[in-house]
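Colleague: sequence and predicted structure below; questions after.
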Amino acid sequence: MIIKSLDQLNSFSQKVADHLTKKDYIFLSGDIGVGKTTFTRYLINYLQKKEGSKATEVLSPTFNLLYEYDLKKCKIMHYDLYRIQNVKELNNLGIFQENENAIKIIEWPGIIEIPTSDKLEIHLNYAKYKNERKIRLTGTGKWKNFNEL
């Protein structure tokens, strides 16, 4: 699918958010600056507004590796694994061993080797025009046939 504006990316993130439940994984892949954190910001802010909470600032966790967002019904754990070099380093951090009842959004998931049952992979790529993005979806578990509905 082609996303032609930030408004369309926001609408897409809301459709994904409406299907999220605890223990879901969202893997975000794509070049630097393609919109992974923007997608995540839209998704988290939408869920915050939907529950009547104030929208918070959602930043890229590139240097922190993880930002957590406590919603009334669940927790969202937003990871950025860009600086992680290998699986051993990832395992030593133990970041996937805690809070199995959270939604986990993971930027740069390429080195992850853990089994995930309900996972939506969103691959973002630059398109022909400056503000357009190509999005390809791959899902497992409940996300297997998700294609923006």
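Modeller: Alright, I've got the coordinates.

Colleague: please count neighbours and contacts with C-alpha atoms only from this point.
Modeller: Will do.

Colleague: on the three-state scheme, the residue positioned nearest the centre of the chain is what?
Modeller: Centrality entry for the chain: nearest residue to the mean C-alpha point is residue 105, 3.5 Å, by Cα atoms, centre = their mean. Following DSSP: H, G, I helix; E, B strand; the rest coil, residue 105 is assigned to strand.

Colleague: same thing with residue 115?
Modeller: coil.

Colleague: beta partners for the residue nearest to the centre of the chain?
Modeller: residue 26, residue 78 (DSSP bridges).

Colleague: and the pLDDT for it?
Modeller: Looking at residue 105, its pLDDT reads 94.

Colleague: now stretch 113-130, how far from the centre of its chain.
Modeller: Taking Cα atoms, centre = their mean, to the nearest Å, the mean C-alpha location of stretch 113-130 is offset from the chain mean by 9 Å.

Colleague: list of residues touching that stretch?
Modeller: 2, 23-31, 34-36, 87, 132-144 (Cα atoms under 8 Å, 6 or more residues apart in numbering).

Colleague: longest single helix anywhere in the protein?
Modeller: The residue-count maximum for a helix in the chain (DSSP state H) belongs to helix 36-50.

Colleague: if we can go back for a sec, out of the contacts of stretch 113-130, which end up buried?
Modeller: 2, 23-30, 34-36, 132-133, 135, 137, 139, 143 (16 or more other Cα atoms under 10 Å).

Colleague: mind checking which of these land in strands?
Modeller: When DSSP state E defines the strands, the subset of these inside them is 2, 25-29, 133, 135, 137, 139.

Colleague: helices and strands around the longest helix of the chain, which ones?
Modeller: helix 6-17, strand 102-107 (3 or more Cα pairs under 8 Å, 6 or more residues apart in numbering; DSSP states H and E).

Colleague: how distant is the lowest-mean-pLDDT helix or strand in the chain from the center of its chain?
Modeller: Of all helical and strand segments in the chain, the minimum by mean pLDDT, DSSP states H and E falls on helix 87-93, at a mean of 79. Helix 87-93 sits 20 Å away from the centroid of its parent chain (Cα atoms, centre = their mean).
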